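> what's the 3D shape of this:
(4 chains)
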There are 2 protein chains.
Amino acid sequence: MGRPTIADIARQAGVSKGAVSFALNGRPGVSEATRARILRVAEEMNWRPHSAARALGGARADAVGLVIARPARTIGVEPFFSQLLSGLQGVLSAHSVALHLMVVEDTAAEIGVYRRWASEHRVDGFIVVDLQVRDPRLEVLEELALPAVVLGGPGKGGGPLRIWADDREAMLSIVDYLAAIGHRRIAHLAGLPHFQHTQRRIRALRDASRRLGLEEAVSVPTDFSDAEGAAATRTLLSRPRRPTAIVYDSDVMAVAGLGVAGEMGVAVPGELSIVSFDDSVLARIVHPPLTALSRDTFALGEQVARSLLAVIDGAGPGRDLQMPTPRLTVRESTSPPGGSAAGVALAPTVDSRPEPV
Amino acid sequence: MGRPTIADIARQAGVSKGAVSFALNGRPGVSEATRARILRVAEEMNWRPHSAARALGGARADAVGLVIARPARTIGVEPFFSQLLSGLQGVLSAHSVALHLMVVEDTAAEIGVYRRWASEHRVDGFIVVDLQVRDPRLEVLEELALPAVVLGGPGKGGGPLRIWADDREAMLSIVDYLAAIGHRRIAHLAGLPHFQHTQRRIRALRDASRRLGLEEAVSVPTDFSDAEGAAATRTLLSRPRRPTAIVYDSDVMAVAGLGVAGEMGVAVPGELSIVSFDDSVLARIVHPPLTALSRDTFALGEQVARSLLAVIDGAGPGRDLQMPTPRLTVRESTSPPGGSAAGVALAPTVDSRPEPV
DNA sequence: CTGGTGTACTAAACCGGTCTAGCTCTGGCA
DNA sequence: TGCCAGAGCTAGACCGGTTTAGTACACCAG
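Below is the predicted model:
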């Protein structure tokens, strides 16, 4: 005989299917004695309800969807997603909710997956990452009327719940720090330009530059890949008046940039300071270890999962949520410009020493 | 009104539910004209079958499960899994099969997830990674009688289909190369000792060492983390007669080891050659770039997905599958021992130059 | 003793598909 | 003309749960 069904349990316990259902789901309608007996029988026969049958009666699918639209080769190494996943999993699995994961090539495919999963009732809600400037996914989600949590924002009211950290404030803290220790020519290797967080960071750099009266502050868009990070770094360092500090939007690019500096004989941090917008093992294990912005991505994942489950439970969208602003972790890849000998580990100081022009 | 059901489509097209089902699934029983009409109506009403309802009739769940049991902090950066995932996704999504992903802390939890998903009919099959020496998961899978593909092997007949690359041959190719360019003291930073692939590599090194008459060949087990990789490297390099070459079982550890060498003033490859058992962006972006074993993990993922789908389709377990043996990609982190100046990129030669004792 | 209330439980409808048995109609052939 | 085969379709059972309507019985008040 195949796996037991609710009917088998009912027969064995000498009750009806309905009674078993009540007992299992902790609803009134059975006495405590009967409930205990039913649960014991279910346990003995190692029975658990068929998730599809459950999902059928208009109930939950007990799964949420996460679709990531980035070229496979760039996601390959991004610690951000792995950490986010870990955080999500922790909360979701505690609620016995599964995660449907899908990696696709572009936004159009992503939207297709949303439609398919929604019409197939495969998921109860979605987690949306990499918010774009005018994001076509938001309308689709609205149309599908499925719970969703968007990573990025804030929005202007309406639409799905958003959770974000303050990218602007984070970028300002980096630039302020670099300026304080004397840097006047700062470059920024940005991510994909149609991402909203990329735009925010670019704008923050521009504003800070104006306020601080920097000599130069340029943002170069890339696709987040190590290849473009390396190429752009090479270009920047080949210029006659090269930047004394580069801020990288991801740790993969930062590490690639560090490699290029080494290859070109540019000392870090002596002749070039490097800051990564993303902290991870990667930033710590290279030499010198990178000054980086520490975001608690694991906690972010947990928060996203909790919020999504709340929305699914009908708690209304609730209000947008801001995560703590990331703090700058200073390591050995930054120092005052024109400072010390190549490659020597140097505890960066914060006294301002403007570079002579 | 809610989302349309098959009954709505049937009514609109003027046929019975059965006819719609036949038309949708490309079975005989309706004329071409009727089929076209039904499909047009379904398209117009944007209807797709409810996956739970479909799964109920004893049919497929159209999903497969992947459970990874490693501490979250070590998986965070492992490019291996991201690449494997990409490969899996490519094939699975082409067949409209979803991937249920779960990260858990240990094997016991992993087994719990297998049982739960199986009894809930959530998945049609499993992908099993990190095969262990006496793996308790295999019995459970057998007991659950669900299709599965195991990454690692080969097995001794029976049990689920296995797919693997030849770790032994790979390790031999590394050791042969190092010995050929003159190394006599080789260390190996291995992974978790209860993994089968770890054991294979350790044994291969020992055998090769005996055959080649090396002075020393030691394997040190670790947990794959950068922290243990760094610590073990520090210990090895602090010994009076330190190894002239270290083989790392993962690229994260190799990069961490490279950092330690830098910190201790040990030139790579001049005084220490470094080989990573795993190639990824990571190995390429550090400086010097690491000599590494190139495995096509993406292709492995594709193969695993294809095999699993075949098994699910009742093709029988088929026979175990061996992937091409990884090739060694020589970069700038290896050279003859005691060779050249620190940090200088050097094209490694293959003429044997035994180190004077 | 009657009627009302509440508890514990059962029977059956229902969710949205798939699949089988059976019906009708057409065409071919003896 | 009668019979059979096969194509095209329908009605309804079925998958394994949840949920609602209804039943049986105990208890209590008037």
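
> Tell me where the stretch 201-350 of chain A has helices.
In the stretch 201-350 of chain A, the segments counted as helices under DSSP state H, counting those that start in this stretch are A:226-238, A:251-263, A:281-285, A:297-312.

> secondary structure element for A:Val150?
Take DSSP states H and E as the rule and A:Val150 turns out to sit in strand A:148-151.

> so what does the helix or strand immediately after that strand in the chain touch, helix or strand wise?
As assigned by DSSP H and E, the chain's next helix or strand after strand A:148-151 is strand A:161-164. Other elements packing on strand A:161-164 under the criterion 3 or more Cβ pairs under 8 Å, 6 or more residues apart in numbering or on different chains; DSSP states H and E are strand A:148-151, helix A:297-312, strand A:321-322. (Each C-beta comes from the backbone N, C-alpha and C, glycine too.)

> do you know which of these lies nearest DNA strand D?
Taking Cβ to the nearest atom of the strand, helix A:297-312 is the member of the helices and strands packed on strand A:161-164 nearest to DNA strand D, at 14.8 Å.

> Do that closest one and chain B come into contact?
Yes: using Cβ under 8 Å from any Cβ of the partner chain, we find that helix A:297-312 touches chain B at A:Phe298.

> And the average pLDDT for that helix is what?
Averaged over helix A:297-312, pLDDT sits at 92.

> Which elements pack onto the strand or helix carrying A:Glu43?
Assigned by DSSP H and E, A:Glu43 belongs to helix A:32-44. On a contact count with 3+ Cβ pairs under 8 Å, 6+ apart, helix A:32-44 meets helix A:6-13, helix A:17-24.

> could I get the helices of the stretch 201-350 of chain A as TSV with mean neighbour count and distance to A:Val128?
Below are those laid out as TSV (neighbours: other Cβ atoms under 10 Å in any protein chain shown; distance: least, Cβ to Cβ, whole Å):
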stretch	mean neighbour count	distance to A:Val128
helix A:226-238	19	25
helix A:251-263	25	23
helix A:281-285	24	25
helix A:297-312	21	10
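
> Can I get those in TSV including distance to DNA strand C?
Listed next are the helices of the stretch 201-350 of chain A as TSV, based on distance: least, Cβ to the nearest atom of the strand, whole Å:
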stretch	distance to DNA strand C
helix A:226-238	45
helix A:251-263	43
helix A:281-285	46
helix A:297-312	18
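
> Make a markdown table out of the ones you listed and add distance to B:Ser307.
A markdown table is the format used below for these (distance: least, Cβ to Cβ, whole Å):
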| stretch | distance to B:Ser307 |
| --- | --- |
| helix A:226-238 | 31 |
| helix A:251-263 | 31 |
| helix A:281-285 | 32 |
| helix A:297-312 | 31 |
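
> Out of these, which gets nearest to B:Val175?
Closest to B:Val175 of the helices of the stretch 201-350 of chain A is helix A:281-285 (Cβ to Cβ; 25.0 Å).

> if we can go back for a sec, okay, now the sheet partners of the strand holding A:Val150, with direction.
Counting by DSSP bridges, the strands paired with strand A:148-151 are strand A:125-128 (parallel), strand A:161-164 (parallel).

> which of those is buried the deepest?
strand A:125-128 (a mean of 24; mean count of other Cβ atoms under 10 Å in any protein chain shown).

> Residue ranges in chain A under the pLDDT threshold?
Scanning chain A for pLDDT under 70 picks out A:1-2, A:71-78, A:316-317, A:339-357.

> now with 80?
For chain A, the stretches flagged by pLDDT under 80 are A:1-3, A:57-59, A:70-79, A:82, A:153-158, A:281, A:314-319, A:338-357.

> Which single residue of it ends up nearest DNA strand D?
Counting by Cβ to the nearest atom of the strand, chain A gets nearest DNA strand D through A:Ile6, at 2.7 Å.

> my read: A:Glu271 touches A:Thr244, true?
Yes: in this structure A:Glu271 lies within contact range of A:Thr244 using Cβ atoms under 8 Å: 7.4 Å.

> Mind listing the shared neighbours of these two?
Overlap of the contact sets of A:Glu271 and A:Thr244 (by Cβ atoms under 8 Å, 6 or more residues apart in numbering or on different chains) consists of A:337-338.

> what about the two, which has more around it?
A:Thr244 (24 against 19; other Cβ atoms under 10 Å in any protein chain shown).

> OK, contacts around that one?
A:183-186, A:271-273, A:337-338, A:355.

> Now mean neighbour count too, for the helices and strands packed on helix A:32-44, in JSON lines please.
Formatted as JSON lines, the helices and strands packed on helix A:32-44 follow (neighbours: other Cβ atoms under 10 Å in any protein chain shown):
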{"stretch": "helix A:6-13", "mean neighbour count": "18"}
{"stretch": "helix A:17-24", "mean neighbour count": "19"}
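
> so which of those gets nearest B:Leu258?
Proximity to B:Leu258 (Cβ to Cβ) singles out helix A:17-24 among the helices and strands packed on helix A:32-44, at 55.3 Å.

> how far off helix A:6-13 does the closest one point, in degrees?
On the basis of axes from the mean of the first three to the mean of the last three Cα atoms, to 10 degrees, helix A:17-24 is oriented at 90 degrees to helix A:6-13.

> List the neighbours of helix A:17-24 that are in contact with it.
Helix A:17-24 is touched from outside by A:6-7, A:9-10, A:13, A:28-30, A:34-35, A:38-39, A:42, A:49, with contacts defined as Cβ under 8 Å, 6+ apart.

> Filter the contacts of A:Thr244 down to the buried ones.
Buried subset of these (neighbour count, 16 or more other Cβ atoms under 10 Å in any protein chain shown): A:183-186, A:271-273, A:337.

> So which of these is the closest to DNA strand C?
A:Ile186 (56.5 Å).

> Next, the contact list for A:Glu169, please.
With Cβ under 8 Å, 6+ apart, A:Glu169 has these contacts: A:204, A:325.

> SS state for it?
helix (DSSP: H, G, I helix; E, B strand; the rest coil).

> The residue nearest to A:Thr291 when sequence neighbours are not counted: what's it in contact with?
Using Cβ to Cβ, 6 or more residues apart in numbering or on different chains and skipping residues adjacent in sequence, the residue nearest A:Thr291 is A:Thr334, 4.3 Å away. Residues in contact with A:Thr334 (Cβ under 8 Å, 6+ apart) are A:177-178, A:181, A:245, A:269, A:273-275, A:291, A:348.

> Sort out for me which of the residues you listed are in strands.
Of the contacts of A:Thr334, the ones assigned to strands by DSSP state E are A:245, A:273-275, A:291.

> Spell out which residues belonging to the stretch 201-350 of chain A are near chain B, please.
Within the stretch 201-350 of chain A, the residues that sit near chain B (Cβ under 8 Å from any Cβ) are A:226, A:230, A:252, A:255-256, A:258-259, A:262-263, A:280-282, A:284-287, A:289, A:298, A:345.

> and which of the ones in strands among the contacts of A:Thr334 is nearest to chain B?
Among the ones in strands among the contacts of A:Thr334, A:Ile274 lies closest to chain B (Cβ to the nearest Cβ), at 12.7 Å.

> how many neighbours does the closest residue to that closest one other than its chain neighbours have?
Nearest-residue entry for A:Ile274: A:Ser333, 4.3 Å, with adjacent residues in sequence omitted and distances by Cβ to Cβ, 6+ apart. Using other Cβ under 10 Å, A:Ser333 has 29 neighbouring residues.
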